[in-house]
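J.: quick check, what structure comes out for this input:
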Amino acid sequence: MKDNQASFCRSPPVMIAGGRVFVLPCIQQIQRISLNTLTLNVKSEKVYTRHGVPISVTGIAQVKIQGQNKEMLAAACQMFLGKSENEVAHIALETLEGHQRAIMAHMTVEEIYKDRQKFSEQVFKVASSDLVNMGISVVSYTLKDIHDDQDYLHSLGKARTAQVQKDARIGEAVAKRDAGIKVITDVC
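T.: Numbers count the residues shown, from 1 in each chain. Take a look at the predicted model:
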């Protein structure tokens, strides 16, 4: 048996994380659950933010069944024993996406875009508390991409660029005025 698997014997039930196990055929049966780290691409398409702007967000999460914690491993066995790694990944992905969508709905586009770290931390925190009850730990979550189909983010960038250019023109005009005043005061 590999170190990235846990085995479970039925009749009587015994959990063995890693290591070896002796199984009596016809009396006992062995089932394995993968302890590999899973990378999930968490996509939430066209979610309406707090101010009603639809945006799409993609996050990347690393999750795994926690084999070191006996309680979490027991919870994972209850939920996932007999399921494939893909089925476990799908359940974790659906949970993460649901939390990601809920957090997007409570934030504005500006908050998500300007404070990606805060958004990522909120998704990590909320999803972790839910997934830990299933025996899955969230190793990491990172916000990968934010985009929208209505050019809202592009417009935000244009507004900020226009403000910076305006401030630069005002600063240049003030500097020229001050230089002109200095020349006049030096001449007099």
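J.: is it true that V139 touches K64?
T.: Yes - the criterion here is CB atoms under 8 Å, and V139 meets it with K64 at 6.2 Å. (C-beta placed from N, C-alpha, C; glycine too.)
J.: between those two, which contacts overlap?
T.: Common contacts of V139 and K64 (CB atoms under 8 Å, 6 or more residues apart in numbering): T37.
J.: and those two? Which one has more around it.
T.: Counted by other CB atoms under 10 Å, V139 and K64 do not tie: K64 has more neighbours, with 19 against 15.
J.: mind checking how far that one is from A89?
T.: Distance, K64 to A89, using CB to CB, to the nearest Å: 10 Å.
J.: name the residues contacting each of the two.
T.: L38.
J.: give me the most central residue, the chain.
T.: Centroid check for the chain by CA atoms, centre = their mean gives Y141 as the closest residue, at 3.6 Å.
J.: list the neighbouring strands of the host helix or strand of that residue plus their orientation.
T.: Applying DSSP states H and E as the criterion places Y141 in strand 136-147. The strands beside strand 136-147 in its sheet (DSSP bridges) come out as strand 54-65 (antiparallel).
J.: return the set of buried residues in the partner strand.
T.: 55, 57-59, 61, 63-65 (16 or more other CB atoms under 10 Å).
J.: same thing with stretch 126-143?
T.: By 16+ other CB under 10 Å, the buried positions in stretch 126-143 come out as 126-128, 131-132, 134-138, 141, 143.
J.: below-threshold pLDDT in this structure: ranges please.
T.: Residues of the chain that meet the criterion pLDDT under 70 lie in 1-24, 28-30, 151-165, 167, 183, 187-188.
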